[in-house]
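J.: need a structure here:
(3 chains)
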Amino acid sequence: MIRAVETDDFENLSRAHAENPFLVLGVDPSATAAEIERQGQRLLSELAAGLDGARRYETVFGARARTSELVRSAIAELRDPARRLAHEWWARGLAAPSP
Amino acid sequence: MTTAGVAIPLGRRGSVPGERVRPGRVNLRAVVRLLVWMALWGTVLRNVGATVGAWAGGSLSAGTTILIGVVIPAWLFVLVPSWFAFRVAAPRGMRRLAVAACWMSPMVRLRDLPSIAAYLEIAADRPCPAWGELPVDAWTALAAAVQADRRRSLQQATRIVDALAHLPAGARFPWLARVHAVETLVLAAVARHDWTTAARYARIGRGRLVRLLGLVARGDEGAVIPTPPLWRAWLLAPMRRTTFALVRALAWRRAVAPVARAATPAPVTVHARHVALLEAAARNQEIHVDDVLALAAAWQDEGEIGDGALARLRARALELGVRDGEAPALAVRERVLDELAHLLARAEGELPRTATSPVIETMANRARERQIARIKGAFAALATLDPDRHGSALPPLEAWERWLALRAAWERAEHTAGRAALATLWRSSVRDGLWSFCCAISHQHGARAAWAVFVMFDWMADRAEYVGDMVAVLANRENARLALASAR
Amino acid sequence: MGSGIHVGIDLGTSNSAVALFDGDNVSVVTNAGGETLTPSVVRVDARGARTVGRRAVRGLDGDPGNTRAEWKRLMGTGERLPFEASGAALLPEELSAEVLASLLADVRDAAGFTPRAAVISTPALFELPQNHATTRAGRLAGLEEVVLIQEPIASAIAAGWRAGHEGSWLVFDLGGGTLDVSLLETADGRLRVLDHGGDNFLGGKDMDGALVEWAIAALDRRGQAGGLADRTSPRGRRLLARLRMACEQAKIELSRAEHATIALSESGIDGGGSDLEIEIARGELDALVAPFIARSLTAVQGLLARNQHAPGDVARVVLVGGPTLMPALRTRIGELFGGRIAAGIDPMTIVARGAALYAGSVGLDATPAARAPAPNAGLPVRIEHPSVTADLEPFVVGRCLSGAARPDRVRIEREDGGWTGADAALSPEGSFVIQVRLERGRRNAFRVRAFDRAGGEVALATRGFAIVHGVSIGDPPLARPIGVARADDSTHIYFAKGTPLPARRTFAHHTVRPIAAGSGDDALAVPIVQGESNRAHRNRLIGMLHLRGLDRDLPAGSRIEVTLELDRSGQLATRADIPGTGQTFEDVAFVLVPTATVEVAERELAAIGRRAADVQRRTFQLGVPAAVQAIGDVSALLAEADRALPAARAGDVDAAQKLHRLLMDVGGALDEAEALLEWPDLDAEARRCKLTYTPLVAQWGTPAEQQLYEQELEAAGVARKRNNAAELELHLDAMRALGRAAYCRDPRSMADALDWAAAHVTEAMDVAAASSLLDRARAVQAQHPVIHEAGVGLRALRAIVAEIWELFPSPPELRAKSFDSGIR
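T.: From the prediction side, this is the model:
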């Protein structure tokens, strides 16, 4: 069996940051768990209904595509308090500045 | 049996032999070429003279004019064969004709023809069946770079370009390759709006088109390019129709919105700066050690990774209901340090002698470890494929690419890992291993790999100089000289 | 959407059950025999006719060659189970499909339709191939759509979905073959799985086995066990099966009574045909199963410790599975948790009920399309909302699908009249988002009404929907991480443990070898693995993505983007894109759980035993407490593997699987310990090098060498202080090389080397040449009996020794061996 691949670390590292759950869901890092769930469900419904507005989310580096897998993954990540801690910390610095 | 630092097993397997090219054969081919040139030139000049005379005399019929119009491409084939090959035949897919035109050109050496043929195949994105038997020279190296760029392996392509930018004196880099092959590369980068990579490629190129594209790339990156020289360069360069849109866009941008460049806001928070640097590295841009160190200092100054920050994280963990807040809090800091070390390992430039803070010291240590590991990895990839040991021949191009990986890893480490560590690595394994590798490649492939072997030995001599191994310097310069002789 | 019926199935090792949920109530379906549980037993007679359930159970006794039970542990192995009379050899998933078909037929009898979709439960620690086999079984049984859910989550849903219990709780699921322990947390109405634990090879079966052994011993004492002399013969196996069934009966009886009898009529066990009876008291059974209970509690406590929970932190314990009815087990668990066992829950059907509730929460409607109510006439509109949520004010999103004749406003009302929303205007793309209000703890039905500009009502195709207010359950999390194996044997994780499914991720990689155009299968493969180890070879290979049939060359270092996608039914889809060529490779590749050949396992066991001994020695020598903890279980696991070996040799597939699994676990523990020992080892090695080589270099090294050595020693010291392993190794290598070079100059070393070569001359690649060289060396030694340091004799000797070394196969090792042994 020939093993195939190495990894392009930087691309994957920066992708991980851009997919920060708070950014994906568009909620403030200080949101409560209930607010996160509600917003997440809303986004899932909007994506399922095919609303255009739900398809992109903003970061300091521009807009990125939002998929239902990303939203689901974001909700689950934020349910785990240990993981939420790390995501909160990064999100404070990465959210797009309000216009 | 070698003993570290004292004796080098030079000459054990004989010095670097080249393929003993039989003198008589080369001369015969060159003689034939010369005779054909003379014959064709004679005919064409007579035709041209007769036509001019007839036109001047005003006594050419319409039919003859049309006939001459058809024959002019044939004149071009003889008079300006390389232009014909790369500007007329190759872009229209007539690769065989292009190779024949190159045969006609005095700017092309006969031995380069197979490489040029291969380059043309690759540039047209056709499969090249004999890739494994091709010699390593500037043409095939650039063909490999074109292929890598097309596959978005930007790291691979920039490695090749970098090696070509630092060729030792004596290694051939034909003018035509510098103009046309590099053009292909730069055009590919420009087509996907990758200005930084295009600028990097353009540095090794020559010719008007490459110069123009280099200007455009630098301008789009943000350098100030005055407009008149830009348009002048455009006028002089070929392929004006293709490049017009680019040049116009750049000029318009400069005129209308000179400060609009700042529209993408500079990252404000240190988190955003951090991710911006990661993205730059992901896009294969050059990042400098100073930038990374400044970022590390910013992290410290803003108190985001110090003990105060840890305490705040622990408190927040309690609020969130995390059972053991210590581990997640530490993990946050670890991630920042780890990513900084990644960046430092990739950055260009010298590390300061003494670390100014414990954070920087940790980062520097990790970066050093990573780089040494990378060198070892690249070296292991070389050493395990020693053709002598396994009996299966490694194609020259692949051998050269593996060496490129080692070269890239080593040169990056020269800045950060420090002379002592590299000296040890050199003495204990790399010097002898790389030497055997080069000898083996030379044995297997002879003249086909001679250019590559020359470059490799010369590089080894430079590295030996850096670590202070004077015996190895002498030995490798000698080896390089021998390789160069057989490459001629 | 809301008026559907949802089906959940518990496919157990010993028994299976099916339940229905209609949005308000859950009910368990009874089979033709009037029971809620259908035994997972299949019998195939000579004509190929298949019987499932209670009627097939009789075949276990009378016709064991054609009856199969308890194949769940073999799911996904590709092991075919033979049926003698019909000659059929069926896969475990085909047997499961028979059981599922029988359950679906029961649903048809109860509800009037055959379900088209169902949720099927699987053990939490099932890996991908096993999950995939379960889905296949569902498809074979006629289901169009299968969603999998882990059994502990199903149990948790059933136990807590209405009640307002908050806090941490434990689900203890002891089934016929496996123990699954799960730690869950309910916070603000959201259920979350914290961790799983358990034992894949501990179950009621094992307790039955212990009882059987006890019974045989008792019969033996009485001299009545003659018929069981040869257990592997067909007759012996049949007798054993009957004895096992009788023991199981007795065990079940002992849950209710203090005494029971293991009774076999006309057993043939004693060699004759007489009836046998053995009396057993509850106390004796408790003593027999005590070790198993202890093991299960160890698993529980391990799980709690891993998650920083003490038994006192657990609010409730839910017991699932038949064996948990044993009073001994209940008592011990009650002791551990202060009696907080959830009451009033039937442990045998809880999983099926939870599966049905989960089907409801994901909106998996089982009613076939033909039976769906005909759509109303009106404007087509799509309405999206959560099916089950803990949020009392969730959002509902809708979009009018037709361009023309769009209504102006939309209003949602709750059917019970308790709430009416404000009118909402439609957006330019015809969508609306409205926040509704739910009534707590029940199914809320809503009506959607649309109005045009004038205020007249517009008819809609979809007039209503329902949302259930209950515990909002996250998507089932992945039990073990899944990732891609890299060239340097590390794993790049795509889906970490706990990732909710469905999930999809893409990462960029680079190839390490060039691939020629048009090459075949073995050109390049991307292995996909599942497991927790950092080392790829320690994880289980679950799929291979092949890059074959490229239409042009791909040089080494080319970038490829690999996408892994995992859906709720355990399907893994893989894709590799090569940018710039536009070529895509897709493969849904599965690798079966490898059936370990016993010979391989035996060799591995021996090798691992030696490795374990070595690691243990080093651990205690270096005194690293973390490593001691890591290898704590290794001895016990190895002992268990030794116990399983004879059964595996005798052809017990189950024991072979267990052996294989144990070897992997031991390997993993040793890897962990070795990783922890790396730095202490290196540190000790550094000290040893310093002690060994410094005097050598001082005595025999040239000035240049001595200076270099000083530098290396200093650099090594710096690296040690910095805890930088890579650098330290580097400098130690240099010190070793310098030390050996110095040793070479010692005249005594030449003599040692020659002696060694003389002793091992037969190992040389060219024995004749080696012998002649040795003769020459001896001649030189005779000529110059006293070897001077700088003398001619020494140089000649050195040259000869150098040539001799080249004749031996692997000079570095040999050199190391002889030098090390030569150092005094």
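
J.: Could you list which residues are in contact with the closest residue to chain B within chain A?
T.: Residue nearest to chain B within chain A: A:Gly93 (2.5 Å; Cβ to the nearest Cβ). Every C-beta, even on glycine, is put in place using the N, C-alpha and C of the backbone. Residues near A:Gly93 by Cβ atoms under 8 Å, 6 or more residues apart in numbering or on different chains: B:Thr269, B:Val270, B:His271, B:Ala272.

J.: wait, does the biggest helix by length in chain A contact chain C?
T.: Scanning chain A for the helix with the most residues, using DSSP state H, yields helix A:33-49. Yes - residues of helix A:33-49 contacting chain C under Cβ under 8 Å from any Cβ of the partner chain: A:Ala33, A:Ala34, A:Glu37, A:Arg38, A:Gln41, A:Arg42, A:Leu44, A:Ser45, A:Glu46, A:Ala48, A:Ala49.

J.: Now do the contacts for the residue lying closest to the third one once chain neighbours are set aside.
T.: So the one you mean is A:Glu37. Of all residues not flanking A:Glu37 in the chain, C:Asp391 sits nearest, at 6.0 Å (Cβ to Cβ, 6 or more residues apart in numbering or on different chains). Contact analysis of C:Asp391 by Cβ under 8 Å, 6+ apart lists A:Ala34, A:Glu37, A:Arg38, A:Gln41, C:Gly189, C:Leu438, C:Ser472.

J.: Let me know the next secondary structure element after the helix or strand of chain B with the lowest mean pLDDT.
T.: One helix or strand of chain B scores below all others by mean pLDDT, DSSP states H and E: helix B:387-390, with a mean of 47. Later in the chain than helix B:387-390, the nearest helix or strand by DSSP states H and E is helix B:396-416.

J.: List the buried residues of that following helix.
T.: Buried residues in helix B:396-416, counted by 16 or more other Cβ atoms under 10 Å in any protein chain shown: B:396-413, B:416.

J.: For the chain, just list every one of the strands.
T.: Answering for chain A, as no chain was given. In chain A, the strands defined using DSSP state E lie at A:5-7, A:56-59, A:62-65.

J.: Using CSV, write out the CA atom coordinates for stretch C:668-676.
T.: Only the C-alpha atoms of stretch C:668-676 are listed here, as CSV (Å, rounded to 0.1, in the frame of the first residue of the first chain):
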residue,chain,number,x,y,z
GLY,C,668,-2.1,1.3,21.5
ALA,C,669,-1.2,1.4,25.2
LEU,C,670,2.4,0.5,24.5
ASP,C,671,2.6,3.3,21.9
GLU,C,672,1.3,5.8,24.4
ALA,C,673,3.8,4.6,27.0
GLU,C,674,6.7,4.7,24.5
ALA,C,675,5.8,8.3,23.5
LEU,C,676,5.9,9.3,27.2
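
J.: does chain B sit close to it?
T.: No - Stretch C:668-676 is not in contact with chain B by Cβ under 8 Å from any Cβ; minimum separation 15.7 Å.

J.: Flag every buried residue along that stretch.
T.: Applying 16+ other Cβ under 10 Å to stretch C:668-676 flags C:Gly668, C:Ala669, C:Leu670, C:Asp671, C:Glu672, C:Ala673, C:Glu674, C:Leu676 as buried.

J.: For these, give me JSON lines that also has pLDDT, secondary structure and distance to C:Ala310.
T.: Below are these laid out as JSON lines (pLDDT from 0 to 100; DSSP: H, G, I helix; E, B strand; the rest coil; distance: Cβ to Cβ, whole Å):
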{"residue": "C:Gly668", "pLDDT": "75", "secondary structure": "helix", "distance to C:Ala310": "27"}
{"residue": "C:Ala669", "pLDDT": "79", "secondary structure": "helix", "distance to C:Ala310": "25"}
{"residue": "C:Leu670", "pLDDT": "83", "secondary structure": "helix", "distance to C:Ala310": "30"}
{"residue": "C:Asp671", "pLDDT": "78", "secondary structure": "helix", "distance to C:Ala310": "30"}
{"residue": "C:Glu672", "pLDDT": "77", "secondary structure": "helix", "distance to C:Ala310": "25"}
{"residue": "C:Ala673", "pLDDT": "82", "secondary structure": "helix", "distance to C:Ala310": "27"}
{"residue": "C:Glu674", "pLDDT": "81", "secondary structure": "helix", "distance to C:Ala310": "31"}
{"residue": "C:Leu676", "pLDDT": "81", "secondary structure": "helix", "distance to C:Ala310": "26"}
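
J.: Could you report the neighbour count for the spatially closest residue to C:Leu401 that is not a sequence neighbour?
T.: In this structure, C:Leu401 finds its nearest non-sequential neighbour in C:Pro380, 4.3 Å apart by Cβ to Cβ, 6+ apart. C:Pro380 has 12 neighbouring residues, counting by other Cβ atoms under 10 Å in any protein chain shown.

J.: Report the secondary structure state of the residue nearest to A:Glu37.
T.: With DSSP: H, G, I helix; E, B strand; the rest coil as the basis, C:Asp391 sits in coil.

J.: Next, it: phi, psi?
T.: Phi and psi for C:Asp391, reported as degrees, to the nearest 10, are phi -80, psi 130.

J.: quick one: it and B:Thr227, what's the gap?
T.: Using Cβ to Cβ, to the nearest Å, C:Asp391 is found at 60 Å from B:Thr227.

J.: Give me the neighbour count for B:His193.
T.: With other Cβ under 10 Å as criterion, B:His193 counts 10.

J.: Give the helix, strand or coil label for the residue in the stretch 101-250 of chain B positioned nearest to chain A.
T.: Closest residue of the stretch 101-250 of chain B to chain A, Cβ to the nearest Cβ: B:Gln155 (8.0 Å). Counting by three-state DSSP, the backbone at B:Gln155 sits in helix.

J.: nearest residue to it other than its sequence neighbours?
T.: Once flanking residues are discounted, B:Gln155 sits nearest to B:Asn284: 6.3 Å by Cβ to Cβ, 6+ apart.

J.: State whether the one you found is indeed within a helix.
T.: No - under three-state DSSP, B:Asn284 sits outside any helix and is assigned coil.

J.: my read: it touches B:Ser153, true?
T.: No - counting by Cβ atoms under 8 Å, B:Asn284 does not reach B:Ser153; the two are 9.8 Å apart.

J.: can you list the domain ranges for chain C.
T.: With domains defined by automatic domain parsing, chain C comprises C:6-203+C:293-361, C:374-473, C:482-587, C:598-672, C:746-824.
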